[in-house]
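Participant: Please work out how this folds:
(2 chains)
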Amino acid sequence: MPLTLAQVGQINAVKRIGGKEEVRRFLNSLGFIEGSEVMLISQNQGNVIVKVKESRVAISKEMARKIMI
Amino acid sequence: MAVKIALAGNPNSGKTTLFNALTGSNQFVGNWPGVTVEKKEGRLKDQKDVTITDLPGIYSLSPYTLEEVVARNYLIHERPEAILNIVDGTNLERNLYLTTQLLELGIPVVVAVNMIDVVNKNGDQIDTQQLAKALGCEVVTISALKQTGIQEAAALAVKLAKQGQALPPAHRFSPKVEKVLNAIISQLPAEIPSEMQRFYAIKLFERDDKITAMMNTVPDVGALIQKAEDELDDDAESIITNERYNYIGSIIRQCYTKKNQSRMSVSDKIDSIVTNRWLALPIFILVMALVYAISMGGWSISIGTMGTDWANDVLFGEWVPGAVDAFLQTMGVGGWLASLIQDGMVAGVGAVLGFVPQMLVLFFLLCILEDIGYMARIAFIMDRIFRRFGLSGKSFIPMLVATGCGVPGIMASRTIEQDRDRKMTIMTTGFIPCGAKMPIIGLFAGALFNNSAWVATSAYFIGVAAVIVSGIILKKFKMFAGDPAPFVMELPAYHIPSASNVLRGTWERGWSFIKRAGTIILLSSIVLWFLQGYGFVDGVFQAVEDNNSSLLALIGNAVSWIFYPLGWVGDMAWKATVATVTGLIAKEEVVNTFGVLYHYSGELSEAGNEIWTLIAADFTALSAYSFMIFNLLCAPCFAAMGAIKREMNNPKWTLGAIGYMCGFAYVIAMIVYQVGGLITGETPFTIFTVIAMVLLAALVYLLIRPYKESRTLEVELKETAKV
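Facilitator: The predicted structure follows:
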């Protein structure tokens, strides 16, 4: 399911990252790769904040929809 | 021996704090050649022959953002003698991703594990010896904030730089990938030095075209890459990314012992409240209300306003003019020279400097918000709202700063990575009413609108509406079409603000405001003083008593026809025109100019209460409002135009942005005057009414016209950034 549907506090493994090349690469360099565990910290009208490794990453709805968990 | 050391690390890793601690005040700030990425260099304290270059904060050395390209080019072409790589110890895994890439460059690297105090406090352990062995470089632990271990880290980097011998990177990928990389290395041309072979091999494997463009001969390794991709069932870049993380994962298991397994840190808990879907906006509004109450409000907590009142009334109202007066008298200076110094220079510069206390308090509070980490959350919260009209949440911070002063506001647009989003932000930030525009609002609110609070409120509303309308309209043009770049941003951990960071940030922003007082405003005050004090009387050039015969009136009268459709007619036309022109020097000059033009001889209060009746006699409510709108929206002051020029870094875009603002201001003021006048019966139906109607229709059409199919997004790196 897309990341936008995750529950706050839940830990999920990233299955697939879609979207544009550059954004995907940027997420990669932030530690956001397929298989990494992410936890949803906050949700605000579809925009999400997730914790990956030890950092918090804010992702807009458009992008979060393309991340499958 | 003079050595160069590059400071590299992720954003939010404490890099700036370390840089400031190492170099103190020996810093030079500039831009990287050809791009608007800030370049900071400094000399190491007590060791003047050591130059430290602060590279932009980056997450990797891939070629996709301006910062990455700038950092990479510097490392490849300038080849500093050593790299000091600062990594965040509380987030080792992510930070080492960059480290593994830096190690491939064949430059000696010292890894400084920062925030070791926090790591220890959490009860976690980092085995630095093991880490050094696994990475194949020196590793030290530091706390940039508490300034522990930083001298040792710098000394080690200097030592390595002077030895000039890089250790070969110890990290190895899986056998299959290593086999391909070795095959590529064997085909590399001889010009590649042996210590950089691994870097080039990996970049060739990743099909990095910016690196191949740098090489004289590029070996044909397409088949090798294709084969590896088929074998590993992934694209080459992802293969390398995964290999890096696998390798880092294995290091972390050897060197890092985590005590606490709880997944929710303090920052996470704070975030779950302040970015929560219900509480985010109320908390944000509360915080902002507090910031503006303290800096600009009119209450007993409003330190900023008190400071500005004091500066205006006492410092530049009595003390400085008094002292200058006394000085001039003792020196025996009188006549035109005394007038030039007192009425031209002191009055002009003083009017601007009076705002400094308010600015400093505002910037101080914003810097605190930034250092705590709340600013990044504001961008996140505002993103959903801003996205509706084609801007991203990152555009909000420049606008927030611009409510104080447009110059640092426009400069704050640098953090927006995408070229198109950044340009749109620069073009629209100037619409936000800055501190210097407030007196204009105060003047007309008092003179014609009975001091109604609605006038000031509507000014902010017009500013925000101008941003929104511009966002929507500009998006309909080809050069801005497409959605804003997806918002992906790392949110730093919350921490207690550091005094030195906040003070430094406040000063840097405040200084950009103060600096113009000494330069452009001083110069233009002199010019203005001359133009309004001299003129032709009976064909003879001389000092004039009556403003109406001054050179300024001559110029004003000659060009005031331009503003005829805006309702600037009759006696006030040239005065309004001149005030607008002086407003280009600094917006606070507008009120002063009216003071001079209406022959008010005493010291004018900030909102010009003394000339309210004179203004009310000359202006109608509608023409006053049209004047106000034009001055709020048109080209900002010279200092802000300078900032636009610097940030656009392109003469065409600079002119385009300024032209757009003036055009937009003209159109809106004209529509308000003509259409408004038709409704109230103040203006007759003329050709300008028709034009205003047509413009209004065009505006509405642009607003509701559907968007064109969005085009592909490309991160446009400016020409010079390419290798």
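Participant: need the longest strand for chain A.
Facilitator: strand A:37-44 (DSSP state E).
Participant: And the contacts of whichever helix or strand comes after that strand?
Facilitator: Heading C-terminal from strand A:37-44, the first helix or strand you meet, by DSSP states H and E, is strand A:47-52. With CB atoms under 8 Å, 6 or more residues apart in numbering or on different chains as the test, strand A:47-52 has contacts from A:3-4, A:6, A:30-32, A:36-43, A:56-61, A:64, B:94, B:263, B:268, B:271, B:275, B:380, B:383-384, B:487, B:491. Yep, even glycine has a C-beta here, placed from its N, CA and C like the rest.
Participant: looking at the sheet around B:Glu38, what are its partners?
Facilitator: Per DSSP bridges, the residues bridged to B:Glu38 are B:Asn31.
Participant: Can you report how many residues neighbour B:Leu92?
Facilitator: 22 (other CB atoms under 10 Å in any protein chain shown).
Participant: List the buried residues in the host helix or strand of it.
Facilitator: Per DSSP H and E: B:Leu92 is located in helix B:92-103. Residues B:92-103 are the ones in helix B:92-103 that count as buried (16 or more other CB atoms under 10 Å in any protein chain shown).
Participant: Stretch B:498-506 too?
Facilitator: For stretch B:498-506, by 16+ other CB under 10 Å, it's B:498, B:501-502, B:504-506.
Participant: Same check on stretch B:361-369?
Facilitator: Using 16+ other CB under 10 Å as the test for burial, stretch B:361-369 gives B:361-369.
Participant: How about stretch B:453-467?
Facilitator: For stretch B:453-467, the neighbour count (16+ other CB under 10 Å) marks B:455-456, B:458-459, B:462-463, B:466-467 as buried.
Participant: Reformat these as a markdown table; add secondary structure, pLDDT and distance to chain A.
Facilitator: Shown next, in a markdown table, are the buried residues of stretch B:453-467 (DSSP: H, G, I helix; E, B strand; the rest coil; pLDDT from 0 to 100; distance: CB to the nearest CB, whole Å):
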| residue | secondary structure | pLDDT | distance to chain A |
| --- | --- | --- | --- |
| B:Val455 | helix | 86 | 33 |
| B:Ala456 | helix | 82 | 30 |
| B:Ser458 | helix | 90 | 28 |
| B:Ala459 | helix | 89 | 29 |
| B:Ile462 | helix | 93 | 27 |
| B:Gly463 | helix | 92 | 25 |
| B:Ala466 | helix | 94 | 24 |
| B:Val467 | helix | 93 | 19 |
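Participant: How about the contacts made by the residue most central in space within chain B?
Facilitator: With distances taken as CA atoms, centre = their mean, B:Ala412 lies nearest the centre of chain B, 1.2 Å away. Applying CB under 8 Å, 6+ apart, one finds that B:Ala412 lies in contact with B:397-398, B:401.
Participant: Could you do B:Leu131 as well?
Facilitator: B:111, B:113, B:139, B:251, B:254-255.
Participant: try 6 Å
Facilitator: B:139, B:255 (CB atoms under 6 Å, 6 or more residues apart in numbering or on different chains).
Participant: any idea of the angle the helix or strand it falls within forms with helix B:92-103?
Facilitator: Secondary structure assigned from DSSP H and E places B:Leu131 in helix B:128-135. Per axes from the mean of the first three to the mean of the last three CA atoms, to 10 degrees, the angle that helix B:128-135 makes with helix B:92-103 is 50 degrees.
Participant: Enumerate the positions of helix B:128-135 that are buried.
Facilitator: B:128, B:131-132, B:134-135.
Participant: average pLDDT across that helix?
Facilitator: For helix B:128-135, the mean pLDDT works out to 92.
Participant: Partner strands of whatever helix or strand comes next after it, with direction?
Facilitator: Using DSSP H and E, the helix or strand that follows helix B:128-135 in sequence is strand B:138-141. Sheet pairing of strand B:138-141 (DSSP bridges) gives strand B:109-114 (parallel).
Participant: ok, and what's touching the strand it pairs with?
Facilitator: With CB under 6 Å, 6+ apart as the criterion, strand B:109-114 contacts B:14, B:83-89, B:99, B:102-103, B:137-142, B:144, B:153, B:156-157.
Participant: again, but for stretch B:459-474
Facilitator: Stretch B:459-474 is contacted from outside by B:389-391, B:424, B:428, B:431-433, B:441, B:480, B:632-633, B:702-703, using CB under 6 Å, 6+ apart.
Participant: from these, which two are the most distant?
Facilitator: B:Ile441 and B:Phe480 (30.1 Å; CB to CB).
Participant: So between those two, which is more surrounded?
Facilitator: B:Ile441 (22 against 18).
Participant: Now for the more buried one: which residues touch it?
Facilitator: So B:Ile441 contacts B:456, B:459 (CB under 6 Å, 6+ apart).
Participant: Kindly report the same for B:Glu138.
Facilitator: So B:Glu138 contacts B:110, B:156 (CB under 6 Å, 6+ apart).
Participant: Name whatever forms a beta bridge with it.
Facilitator: Counting by DSSP bridges, the residues bridging with B:Glu138 are B:Val110.
Participant: So which residues on chain A come close to chain B?
Facilitator: A:20, A:22-23, A:25-26, A:28-31, A:33, A:39, A:41-42, A:44-45, A:47, A:49, A:53-60, A:62-63 (CB under 6 Å from any CB of the partner chain).
Participant: Restricted to helices, list the residues you listed.
Facilitator: Using DSSP state H, the members of the residues of chain A next to chain B that fall in helices are A:22-23, A:25-26, A:28-29, A:62-63.
Participant: Can you pick out the most distant pair from those?
Facilitator: Top of the distance list for those (CB to CB): A:Ser29 and A:Glu62, 19.6 Å.
Participant: out of those two, which sits in the busier spot?
Facilitator: Comparing A:Ser29 with A:Glu62 by other CB under 10 Å, the one with more neighbours is A:Ser29, at 23 against 18.
Participant: where does the more buried one land on pLDDT?
Facilitator: On the pLDDT scale, A:Ser29 is placed at 86.
Participant: show me where pLDDT drops low in the chain?
Facilitator: No chain in the question, so chain A it is. Along chain A, no part satisfies pLDDT under 70.
Participant: think we crossed wires, I meant chain B
Facilitator: B:1, B:34, B:36, B:260-263, B:516-517, B:599-604, B:707-723.
Participant: For the longest helix belonging to it, buried residues please.
Facilitator: Secondary structure assigned by DSSP H gives helix B:651-680 as the longest helix of chain B. Across helix B:651-680, burial judged by 16+ other CB under 10 Å covers B:653-654, B:656-658, B:660-661, B:664-678.
Participant: same deal with stretch B:569-576?
Facilitator: Buried residues in stretch B:569-576, counted by 16+ other CB under 10 Å: B:569, B:572-576.
Participant: Same list, those, but as JSON lines with distance to B:Tyr245 and secondary structure please.
Facilitator: Compiled in JSON lines, these are given as follows (distance: CB to CB, whole Å; DSSP: H, G, I helix; E, B strand; the rest coil):
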{"residue": "B:Val569", "distance to B:Tyr245": "70", "secondary structure": "coil"}
{"residue": "B:Met572", "distance to B:Tyr245": "69", "secondary structure": "helix"}
{"residue": "B:Ala573", "distance to B:Tyr245": "69", "secondary structure": "helix"}
{"residue": "B:Trp574", "distance to B:Tyr245": "69", "secondary structure": "helix"}
{"residue": "B:Lys575", "distance to B:Tyr245": "68", "secondary structure": "helix"}
{"residue": "B:Ala576", "distance to B:Tyr245": "64", "secondary structure": "helix"}
